[in-house]
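Student: Sequence first, then the predicted structure:
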Amino acid sequence: MNIFRLAGDMTHLVSVLVLLLKIHTIKSCAGISLKTQELYALVFATRSHKIVRRSYDKDQDTFRHIFLVLPCLLLALVINEKFTFKEVMWTFSLFLEAVAILPQLVLLQRTRNIDNLTGQYVFLLG
């Protein structure tokens, strides 16, 4: 294990926790770059350590999430405060957030492998 890599990862984790605390406490994201957050989301979406990747069971995680995304998008196009791109995307994100946990729940039901941290993760998502 590379101590510098671990230190960097832990520092980034703490920075995300501080960011979430800031946004929750002052109810504002003033001074925070959305573009940076999008880039970090892309970083973590494309980063998968081979040890972790080997433990992912694609055969069990078969929920077709497109069946969540499309209805949420269609609902957002129909049900919104006003028909602007920004408002439709905000409404879409609200609908999607409400159902985003479903693939995780289906996977847990299918595998029946719920360790402590996974249970806490799902609880906190809810």
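Tutor: Received it, and whenever you're ready, just let me know what you need.
Student: how much space between Asn2 and Asp9?
Tutor: Look at Asn2 and Asp9: by C-beta to C-beta, to the nearest Å, they are 10 Å apart. From N, CA and C alone the C-beta is placed, and that goes for glycine too.
Student: Tell me which stretches of this protein form helices.
Tutor: Ranges of helices within the chain are 3-26, 34-46, 50-55, 66-78, 85-99, 102-111, 116-125, based on DSSP state H.
Student: Looking at Asn2 and Asp9, which one has more neighbours?
Tutor: Ranked by neighbour count (other C-beta atoms under 10 Å), Asn2 and Asp9 place Asp9 first, with 11 against 8.
Student: got the contact list for that one?
Tutor: With contact set as C-beta atoms under 8 Å, 6 or more residues apart in numbering, Asp9 has no partners.
Student: May I have stretch 41-53 as PDB, with CA atoms only?
Tutor: Output of stretch 41-53 as PDB, limited to C-alpha atoms (Å, rounded to 0.1, in the frame of the first residue of the first chain):
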ATOM      1  CA  ALA A  41     -17.600  12.600 -10.300                       C
ATOM      2  CA  LEU A  42     -16.000  11.700 -13.600                       C
ATOM      3  CA  VAL A  43     -12.700  10.800 -11.900                       C
ATOM      4  CA  PHE A  44     -14.400   8.400  -9.500                       C
ATOM      5  CA  ALA A  45     -16.700   7.000 -12.200                       C
ATOM      6  CA  THR A  46     -13.700   6.000 -14.300                       C
ATOM      7  CA  ARG A  47     -11.500   4.900 -11.400                       C
ATOM      8  CA  SER A  48     -11.900   1.300 -10.300                       C
ATOM      9  CA  HIS A  49      -9.100  -0.500  -8.600                       C
ATOM     10  CA  LYS A  50      -8.600  -4.000 -10.000                       C
ATOM     11  CA  ILE A  51      -9.000  -5.600  -6.600                       C
ATOM     12  CA  VAL A  52     -12.400  -3.900  -6.200                       C
ATOM     13  CA  ARG A  53     -13.300  -4.500  -9.800                       C
END
